[in-house]
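# Structure of the sequence below:
(one chain, ligands or ions: 1)
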Amino acid sequence: MESAPTTDRTFDAYAPLLDDETRREIRDGATAVSDLRVAHVNTTASGGGVAEMLGPLVALSNDLGVDTDWHLMTAPDAFYEVTKAIHNGLQGDGDPLTETMGATYRETVAENAAAFRGDYDVVVLHDPQTLGMADALHERFPETVFVWRCHIDLTDPSPAYLDFFDEDLAAVDHVVVSRDAYATSLPDVGTTVVHPAIDPLTAKNRPLDELTGDDAAAAALDRYPVDPGRPLLLQVSRFDPWKDPLGVVDAYRQVRESVPGVQLAFVGGMPDDDPEGLEVYEAVEAETIDDPDVHLLTNLPDAGVNVMQRVADVVLQKSLREGFALTVSEALWKETPVVGTDVGGIPLQVEDGENGYLVGPEDIDATADRCRRLLEDDALAERLGEQGRETVRRKFLIPRLLADYCDLFERVTD
Ligand code: UDP
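Modelled structure (predicted):
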């Protein structure tokens, strides 16, 4: 167990994006829980959506007087192999959960639970990687309220995987999910829906002309192999079967039939806790190696992700299952219309025909059709893009996430 590095953020920096009343409500909400000590626990300080949110969330909480720490589990690679399977199993798919896998998982969570220090009123355990600590932590800290923040889609979990967490779920006081439907399979435990959010002040989301130094250099488009003079489709996602990159390739190939010169880029990182990534990357590479208009860009700096999301004409999010998809809000914030599947958190963000399009997860024809519409009609793309930014401004920025957590902490400690 170690401490995550701190992020430099103040609440005032977000003032221009919030109206007076919202600002006041958020401050009041934080003041109401300023006597609490809070900790968040997850596995990584960078890579993936959870880490994206925790940096600014923890910084803003502290800035508004809610004493908040952020701890990272320490774990060997074998643990992440197992938690990847657990992640898939809880999302409804997956290999059998063997005794060896269970033992690997339990050994690491037991070590981390034993190493956990601190006197907290509320501890938020993020995702299945940390959930296994709940039982042991509850024993050690009976006064603390434990919240499991589940970022994945729990609509239809494989029973063996859910059962594996029986005791831990019994030990948590509350579960937070990204969508109502995700809570239906859970045993009797209080649940709250909290939508994730993006940070508009990061190098990934700031206007390009506000970037300086290395960020400005990383945002220079000539560093990247795409041609800004030709149409560009983009998917930003880990190389993961659930993100269906091969389905994206199929849709792109259909679009190409009527939009000559169209390009496709994948921007995909490889987070430390995602051993499956390389395999999927290689499958996409093998499929597209002969096409000079398909680009696989890995481990871009945040400012590089930013410029790609802005230069793209359409951002795809062709997930088969999806907890939320921060990538959707990131694109909408930049006024880039999104064609996303109607799964998980994507329809929370995309309203069909208003700020993008929703398509069935298996529907390549519809995916290609909506991309084509947007590529062929600039006014439509512009209108949907503008609506997208407004959607995100109202619903999916970090200050709103902070407000939701403060409200939750007030309720669960009552
Ligand atoms: N991301 C990134 N570089 C990449 C791929 C993804 O910075 O090459 C970021 C992406 O911008 C987003 C996060 O990783 O902020 C992914 O979050 P999301 O909720 O979309 O998916 P998850 O990875 O949590 O399933």
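# which residue packs closest to the spatially most central residue of the chain, ignoring adjacent ones?
Taking C-alpha atoms, centre = their mean as the criterion, Gly49 is the residue nearest the geometric centre of the chain, at 2.9 Å. The spatially closest residue to Gly49, leaving aside those adjacent along the chain, is Leu326, at 4.5 Å (C-beta to C-beta, 6 or more residues apart in numbering). C-beta: built from backbone N, CA, C; applies to glycine.
# which ones are touching the one you found?
With contact set as C-beta atoms under 8 Å, 6 or more residues apart in numbering, Leu326 has these partners: Gly49, Glu52, Met53, Pro196, Ile198.
# run the last query once more with 7 Å
By C-beta atoms under 7 Å, 6 or more residues apart in numbering, the contact set of Leu326 is Gly49, Glu52, Pro196, Ile198.
# In helices only, show me the residues you listed.
Gly49, Glu52 (DSSP state H).
# List just the nearest of the contacts of Leu326 to the ligand.
Lowest distance from the ligand to those (C-beta to the nearest ligand atom) belongs to Gly49, with 3.0 Å.
# Get me the contact residues on this structure for the ligand.
By the rule C-beta under 6 Å from any ligand atom, the part of the chain lying against the ligand is 48-49, 52, 204, 236-238, 267-269, 300, 305, 324-327, 330.
# Report the buried members of these.
48-49, 52, 204, 236-238, 267-269, 300, 305, 324-327, 330 (16 or more other C-beta atoms under 10 Å).
# Domain map for the protein?
What automatic domain parsing lists as the domains of the chain is 2-197+397-412, 208-395.
# Let's have those domains in TSV, adding mean pLDDT.
What follows is the domains of the chain, written out as TSV (pLDDT from 0 to 100):
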stretch	mean pLDDT
domain 2-197+397-412	95
domain 208-395	95
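# can you give me the strands for the stretch 201-350 of the chain?
Applying DSSP state E, counting those that start in this stretch to the stretch 201-350 of the chain gives strands spanning 232-236, 263-268, 294-298, 314-317, 338-341.
# Now stretch 355-374: buried residues?
Neighbour counts using 16+ other C-beta under 10 Å place 355-359, 361, 363-364, 366-374 of stretch 355-374 among the buried residues.
# again with stretch 101-118
Met101, Thr104, Tyr105, Thr108, Val109, Glu111, Asn112, Ala113, Phe116.
# Could you do stretch 194-212 as well?
Residues of stretch 194-212 classed as buried by neighbour count (16+ other C-beta under 10 Å): 194-206, 208, 211.
# Now the terminal residues of that stretch, how far apart.
Start-to-end span of stretch 194-212 (C-alpha to C-alpha, to the nearest Å) is 33 Å.
# where's the residue in the stretch 151-300 of the chain positioned nearest to the ligand relative to Lys84, distance?
With C-beta to the nearest ligand atom as the measure, Gly269 is the residue of the stretch 151-300 of the chain nearest to the ligand, at 3.3 Å. The spacing between Gly269 and Lys84, counted by C-beta to C-beta, to the nearest Å, is 15 Å.
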